[in-house]
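Engineer: structure here, sequence nowhere to be found:
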C-alpha cells in the first residue's frame, strides 16, 4: 500500500480547519501522513492544528513565514517535507468523505493516470452568493461525461497524484497563482490521463458575503496577472466587466449610453435565464435570476485587481 502524504496548507482558517482535519484523520486509507503547513496564521488555526498534532502520531506540523497570499509556496514546502509516494493537496476550507483518499488512490494504479479529483460540492451555502455557486458547481460535477471531457483538456485541477508525476510536470511553480489547474494542463500535455472519481466527495466553503467576495476576487485578479498578462481573452473579458462605469458616466450626457448599459446587464441576465431553464428541480434554481449581480460582484473586482497587478508586476 503506497503511503499518501496529505498536504494541508492554511492561513487563518479557524472557521473550517477543525472540520477539515477531522475528515482527514478519519480517512479509511490507513497508510498516510498529514503535513500541516501553517503559513503564519494569526487566528485560532495554529492552536487547532497543534492540538491535532499532539493527538495523532501521523501528523506533522510545520510553521513557515508568511511570504505572500499565494497558496503555492506553502504547498511546495509541504511537498518537500512529505515522505509518501502519493501527494494529496487538501484544502483547509473543505471537508472530505471518509473514503476520499481510498477511492482516488485506486486510479493511480494505472501509470497512465496523472492525477485524480473527486466530486465537489459547495459546503452548506447560506447566502445568495454561495447558493448561486452551488447551482453552477454541483450540477457540473454531477455530469460525469462533461467532467471527463474537461479533464481531458486539463481544464480542472486534480488534487491527488504520484509524487514523481508532480515533480516530473514541474510541480507548483513558485510565484504563480492558479497552479493547481496549470499542473493539470501540464500533465495532459505530457500524455497523462486525468481521472474523475464521482464517489469521492468533498465540500468546499464558498465566500458568503459581499465584502468577502469583493476582497477575494480583487486578490484573485491581482495574482492572476503574471500568468495571464498575454491572454487576450482574459484581458478583453476584464475590459468588458469594467465597461459599466464609463457607460454610467456617459449616460449622464447621452441616453444612448444608458441603453448600452442596460444591454450589458441583459446579456448576463440571458445567461441566467438559460441556467434557470436547465436547472429544473434544483433547490437553488431561482438564484439563477441573480446571475448578473453575482457576475458583477465577482468579475468587476477581479478586473480591477488584474490591472492593478499589472502596475506592480516585475518580470
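Structural biologist: Received the coordinates, thanks. Since the model is a prediction, treat every value here as computed from it, not as a measurement.
Engineer: only C-alpha atoms for contact and neighbour calcs from this point on.
Structural biologist: Will do.
Engineer: can you give me the helices in the stretch 1-150 of the chain?
Structural biologist: Ranges of helices in the stretch 1-150 of the chain, per DSSP state H, counting those that start in this stretch, are 17-25, 45-55, 72-81, 100-107, 128-142, 144-152.
Engineer: and the angle from the shortest one to helix 17-25?
Structural biologist: Between the axes of helix 100-107 and helix 17-25, defined by axes from the mean of the first three to the mean of the last three Cα atoms, to 10 degrees, the angle is 50 degrees.
Engineer: do the same with the longest one
Structural biologist: If you take the same axes, to 10 degrees, helix 128-142 sits at 10 degrees to helix 17-25.
Engineer: again, but for the last one
Structural biologist: Following the same axes, to 10 degrees, one obtains 90 degrees for the angle between helix 144-152 and helix 17-25.
Engineer: next helix or strand past helix 144-152?
Structural biologist: Following the chain from helix 144-152 toward its C-terminal end, the next helix or strand by DSSP states H and E is strand 160-162.
Engineer: by contact count, what packs against whichever strand or helix holds residue 235?
Structural biologist: Assignment of secondary structure by DSSP H and E places residue 235 within helix 232-242. Secondary-structure packing of helix 232-242 (3 or more Cα pairs under 8 Å, 6 or more residues apart in numbering; DSSP states H and E): helix 291-312.
Engineer: swap the cut-off to 6 Å and go again
Structural biologist: Packed against helix 232-242, as judged by 3 or more Cα pairs under 6 Å, 6 or more residues apart in numbering; DSSP states H and E, are no other helices or strands.
Engineer: any residues touching it, and which ones?
Structural biologist: Contacts made with helix 232-242 from outside it, assessed by Cα atoms under 6 Å, 6 or more residues apart in numbering, are listed as 300, 303.
Engineer: buried sites along the next helix or strand after that helix?
Structural biologist: Note on helix 232-242: by DSSP H and E, the next helix or strand toward the C-terminus is helix 244-250. If you call a residue buried by 16 or more other Cα atoms under 10 Å, then helix 244-250 has these buried ones: 244, 247, 248.
Engineer: ok, and what's touching helix 244-250?
Structural biologist: Outside helix 244-250, the residues within contact range by Cα under 6 Å, 6+ apart are 257, 261.
Engineer: and that helix, average pLDDT?
Structural biologist: In this model, helix 244-250 has a mean pLDDT of 95.
Engineer: okay, now the domains of the protein?
Structural biologist: Taking automatic domain parsing as the reference, the chain has its domains at 4-204, 210-312.
Engineer: give me whichever of those is most buried.
Structural biologist: Mean neighbour counts were taken over the domains of the chain using mean count of other Cα atoms under 10 Å, and the top value, a mean of 19, falls to domain 4-204.
Engineer: that domain: end-to-end distance?
Structural biologist: With Cα to Cα, to the nearest Å as the measure, the ends of domain 4-204 fall 21 Å from one another.
Engineer: just to revisit the earlier point, now the angle from the helix holding residue 235 to helix 291-312?
Structural biologist: 120 degrees.
Engineer: distance from helix 232-242 to the middle of the chain?
Structural biologist: Computed by Cα atoms, centre = their mean, to the nearest Å, the separation of helix 232-242 from the middle of its chain amounts to 21 Å.
Engineer: do the same with stretch 63-77
Structural biologist: A distance of 16 Å separates the C-alpha centroid of stretch 63-77 from that of its chain, computed with Cα atoms, centre = their mean.
Engineer: could you do stretch 244-253 as well?
Structural biologist: On Cα atoms, centre = their mean, the centre of stretch 244-253 falls 34 Å from that of its chain.
Engineer: just stretch 229-239 next, same as before
Structural biologist: Between the mean C-alpha position of stretch 229-239 and that of its chain there is a distance of 20 Å (Cα atoms, centre = their mean).
Engineer: over to stretch 161-172?
Structural biologist: When distances are taken as Cα atoms, centre = their mean, stretch 161-172 is centred 19 Å away from the chain's centroid.
Engineer: name the residues that touch it?
Structural biologist: Counting contacts by Cα under 6 Å, 6+ apart, the residues outside stretch 161-172 that touch it are 85, 86, 87, 115, 179.
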